[in-house]
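S.K.: Sequence first, predicted coordinates after that:
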Amino acid sequence: MSKYLKGAIVKHQSGEIRGEVVAVFAQGNFPASYHVQWDDGTWSLHAEKELEWVNSDRRAESYFPPHAR
C-alpha cells in the first residue's frame, strides 16, 4: 500500500516546496511513485522516499464514501 493518497499535501525532502499528489503509481511490493503538482505550477514524478507529509490534513478523505473511512 502506498504511503500517500491522491490529494495528500506533501513537500520534497530537498526544500520547502509543497504540492499535491495527483496520481499514485504502485505495483505489487515495489515502492510507490507519485505524480505531484507543486505550488509553483510545475509537475514531477517522485519516489516515496523523496516526499514528506506537510500536515495531517488530507484532501483525499473526500474521495472515499463515509463507510470506507
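M.R.: Perfect, I can see it now. Owing to the predicted nature of the structure, the values given are computational and were not obtained by experimental measurement. Numbers count the residues shown, from 1 in each chain.

S.K.: Identify the residue nearest the geometric centre of this protein.
M.R.: By C-alpha atoms, centre = their mean, the chain has its centre lying nearest to residue 21, at 3.5 Å.

S.K.: can you tell me which strand in this structure is longest?
M.R.: strand 18-25 (DSSP state E).

S.K.: which stretches of the chain have low pLDDT?
M.R.: For the chain, applying pLDDT under 70 flags the ranges 55-69.

S.K.: So which residues of it form strands?
M.R.: According to DSSP E, the strands that the chain contains are 9-12, 18-25, 33-38, 43-47, 51-53.

S.K.: Between these, which one is closest to residue 3.
M.R.: Evaluated with C-beta to C-beta, those place strand 51-53 nearest to residue 3, the distance being 8.0 Å. C-beta here means a position set from N, CA and C on the backbone, and glycine is covered the same way.

S.K.: Please list the residues outside that closest one that contact it.
M.R.: Contacts to strand 51-53, defined as C-beta atoms under 8 Å, 6 or more residues apart in numbering, come from residues 4, 8, 9, 10, 11, 12, 13, 34, 36.

S.K.: again, 10 Å this time
M.R.: 3-4, 8-13, 18-19, 21, 32-34, 36 (C-beta atoms under 10 Å, 6 or more residues apart in numbering).
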